[in-house]
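Participant: structure here, sequence nowhere to be found:
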């Protein structure tokens, strides 16, 4: 089975488009179509239904997709295992991470990694944590440094992924200094739920952490806007459009921390790897730096304003 044809098949399946697959593979659309036709001829089945501009997997295509991932994953695994034999830390490291972690946590790690291992070519993909998680699961990234799923401990036994916490990330209720909530010194969850809020998307790990708190109190927050970019959420809060929860590392004079009774909300940030794949020497070296960060004494965060 031709590996180039398999790569074309996966690209079309993931993008749902022959033209988008061509852009991803740096090929023309006819070249992608030729590879898919060749694979269909070799297997004796039709892999895609093409109805107008719609492209969808047939039953045979859906059966092939996980097997195609495994075939290419085994090949990558073999390449890494052989490359590791010389003991050198070099080659390409594909790393997936969230925008927030990439901006606020990873820069010192990346700087030190590049200093220690200049022969490694870093391919950093900035994705939502949930998407980065799946990139590792599907073998498209060696490591992901992300917000860990709140139920990760219980779900690890059901997946070939292993998570390692690195940073604890406290979350604070925040509002603009002139917001009505900021002028009230004594607040409850019910008070906060009565005002418009802006949250990360419902599918995100952070949203699930916050929603669980309100659900336990029998409350439903008024989520009027949603975005997965925490910097955008901070801007919307700072101009008084809504309240939200933000990592404490992001707080400054643009927002104030709201004081509420009850437990402190927190996220776990860390890395995810695939236990059934061979890690490159570069990935192991990067993990070692993350482990150093995990065991380093925490730095004192700036004290945010509280109302």
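Facilitator: Looks like it came in fine. The model shown is predicted, which means the values in this text are computed figures rather than measured ones.
Participant: can you point me to the longest helix in the chain?
Facilitator: Using DSSP state H to define each element, the chain has its longest helix at helix 59-84.
Participant: how far out from the middle of the chain is that one?
Facilitator: Taking C-alpha atoms, centre = their mean, to the nearest Å, one finds helix 59-84 lying 22 Å from the centre of the chain it belongs to.
Participant: and it, what's buried?
Facilitator: 61, 64, 65, 68, 69, 72, 73, 76, 77, 80, 83, 84 (16 or more other C-beta atoms under 10 Å). All C-beta spots, glycine's among them, are computed from the backbone N, C-alpha and C.
Participant: same question for stretch 224-232.
Facilitator: Residues 228, 230 are the ones in stretch 224-232 that count as buried (16+ other C-beta under 10 Å).
Participant: contact partners of that stretch?
Facilitator: With contact meaning C-beta atoms under 8 Å, 6 or more residues apart in numbering, stretch 224-232 is reached by 99-100, 103, 128, 196-202, 204, 233, 236, 241-242, 246-247, 250.
Participant: restricted to helices, list these.
Facilitator: Residues from the contacts of stretch 224-232 lying in helices, with DSSP H as the criterion: 99, 100, 103, 233, 236.
Participant: top of those by neighbour count?
Facilitator: Among the ones in helices among the contacts of stretch 224-232, the one with the most neighbours (other C-beta atoms under 10 Å) is residue 100, at 26 neighbours.
Participant: any idea how far residue 49 is from the closest residue to it other than its chain neighbours?
Facilitator: With C-beta to C-beta, 6 or more residues apart in numbering as the criterion, residue 100 has its nearest non-adjacent residue at 4.9 Å, and that residue is residue 230. Shown here: residue 230 relative to residue 49, a distance of 40 Å by C-beta to C-beta, to the nearest Å.
Participant: quick revisit: between all of the ones in helices among the contacts of stretch 224-232, which two are separated the most?
Facilitator: 103 and 236 (17.5 Å; C-beta to C-beta).
Participant: tally of neighbours for residue 98?
Facilitator: Here the number of neighbours of residue 98 (other C-beta under 10 Å) works out to 28.
Participant: may I ask you to confirm that it is in contact with residue 146?
Facilitator: Yes - distance between residue 98 and residue 146: 5.4 Å, which falls inside the contact criterion (C-beta atoms under 8 Å).
Participant: give me the common contacts of those two.
Facilitator: Shared contacts of residue 98 and residue 146, defined by C-beta under 8 Å, 6+ apart, are found at 129, 132.
Participant: helices along the stretch 201-307 of the chain, start to end?
Facilitator: In the stretch 201-307 of the chain, the helices defined using DSSP state H, counting those that start in this stretch lie at 205-216, 230-238, 281-295.
Participant: show me what the last one is in contact with.
Facilitator: If I follow you right, that is helix 281-295. 83-84, 87-93, 95, 108-109, 112-113, 116-117, 120, 142-143, 145, 164-167, 270-271, 273, 279.
Participant: select only the buried ones of these in PyMOL?
Facilitator: Listed next is the PyMOL selection for buried residues among those, using 16+ other C-beta under 10 Å:
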select buried, resi 83+84+89+91+93+95+109+113+117+120+142+143+145+164+166+167+270+271+273+279
